[in-house]
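Undergrad: Got a predicted structure here, sequence first:
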Amino acid sequence: MSNEVRYAGLVGVVGRPNVGKSTLVNALVGEKVSIVTAKPQTTRHRIMGVSTRGDRQFVFVDTPGIHSDTPRRMNRDMNRTAQDAARDADVVLFLIQAGQWNEEDQAILKGLKKLSVPVGLVINKVDRLDDRKELLPFMEELTQAADFHFVVPLSALKKENLEPLMDELSVFLPESPAFFPADQHSDQSPQMVAAEVIREKLMLRVHQEVPYALAVQIQSFKREGRLRRLEAIIWIERDGQKGIVIGKGGQVLKAIGTAARKELESLWDCRVHLDLWVKVRAGWPDDPRLLGSMGIGGE
Ligand SMILES: Nc1nc2c(ncn2[C@@H]2O[C@H](COP(=O)(O)OP(=O)(O)OP(=O)(O)O)[C@@H](O)[C@H]2O)c(=O)[nH]1
């Protein structure tokens, strides 16, 4: 049997922040392509995860959470990316959390109804329900609210019920040659991966003290045989945040650097030398040039 790809398409993944979009894409693709933290709004780039199975290739467009209020430029850019992703897709997965339905979900559904793209509903985090019988009335209510092409309850975290979702999705892939080689799982450059991994380690350690106002820019990236040498800048908004990110005697920054280096070494299977610098630029979330250089929107 030939394994050549005959059907390939884009699967948009939308949903309010923190419903588990990144976790789902990572689980479906089978490796970590998008960073996951417990803090909402961690996904900024339009990251693709690619899964090739036999003659079918699924390209997941893992979008930032769609937000209803958008006071700052960064959020506006994120919103636009999310909507573009949904419009370009062959099929859209609308993620919600089991047992929860709020105004944000409602607003996203309203936006999706305007698109002429088929939408399937994914009810994630079913493992958090005390009693799975609660799912039935919840599913019934939602299927009355909209005409979804399919509804799949699952747990992205526990990797439960993922196969039925892939079966549903495969019907929507148009006839097309592959977009990516079968062994490729992501369209991200190593620089983007490095920036995301560093930002994940940062968020895990300092997000309570420095909410959102953090960005990572890779300043230089060099390959020297089996070593990759990176210099990265951590941008913060205020001088007062420097101490938090650096920590007493540089301890916090050192821990972040070590954690990021170890993860990159295992991802890339080579040695990594990582230098981190902390710099202040007031108002960076409103600076289109800086955002553009980090791959977040920009004009
Ligand atoms: N219990 C449980 N937790 C989950 C499940 N899926 C995701 N989570 C958790 O929910 C949190 C948010 O997951 P993400 O995948 O980052 O959510 P997201 O929708 O991509 O979030 P944004 O990037 O902010 O848009 C993380 O702490 C995940 O571990 C699930 O099936 N069950």
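TA: Perfect, thanks for sending it. Numbers count the residues shown, from 1 in each chain.

Undergrad: Report how many residues lie close to residue 202.
TA: Residue 202 has 24 neighbouring residues, counting by other C-beta atoms under 10 Å. All C-beta atoms are positioned from the backbone trio N, CA, C, and that covers glycine.

Undergrad: State the distance from it to residue 271.
TA: Plainly put, residue 202 is 22 Å away from residue 271 if you go by C-beta to C-beta, to the nearest Å.

Undergrad: Same question for residue 56.
TA: Separation of residue 56 from residue 271 (C-beta to C-beta): 37 Å.

Undergrad: now residue 149
TA: From residue 149 to residue 271 the distance is 47 Å (C-beta to C-beta).

Undergrad: just residue 208 next, same as before
TA: According to C-beta to C-beta, residue 208 stands 32 Å off from residue 271.

Undergrad: Neighbour count: these two, which is higher?
TA: residue 271 (14 against 9).

Undergrad: how about the nearest residue to that one, chain neighbours excluded?
TA: The spatially closest residue to residue 271, leaving aside those adjacent along the chain, is residue 227, at 4.6 Å (C-beta to C-beta, 6 or more residues apart in numbering).

Undergrad: surely that neighbour meets residue 268?
TA: No. Counting by C-beta atoms under 8 Å, no contact exists between residue 227 and residue 268, whose distance comes to 10.4 Å.

Undergrad: following the lowest-mean-pLDDT helix or strand in the chain, which helix or strand comes up?
TA: Lowest on mean pLDDT, DSSP states H and E among the helices and strands of the chain sits helix 73-88, with a mean of 57. Remark: after helix 73-88, the chain's next helix or strand is strand 91-97, criterion DSSP states H and E.

Undergrad: Wondering if that next one reaches the ligand at all.
TA: No. No part of strand 91-97 sits near the ligand under the criterion C-beta under 6 Å from any ligand atom; the closest distance found is 6.6 Å.

Undergrad: Just checking, which helix or strand succeeds that strand along the chain?
TA: Once the chain leaves strand 91-97, the next helix or strand it forms, by DSSP H and E, is helix 103-113.

Undergrad: other SSEs contacting that next one?
TA: helix 73-88, strand 91-97 (3 or more C-beta pairs under 8 Å, 6 or more residues apart in numbering; DSSP states H and E).
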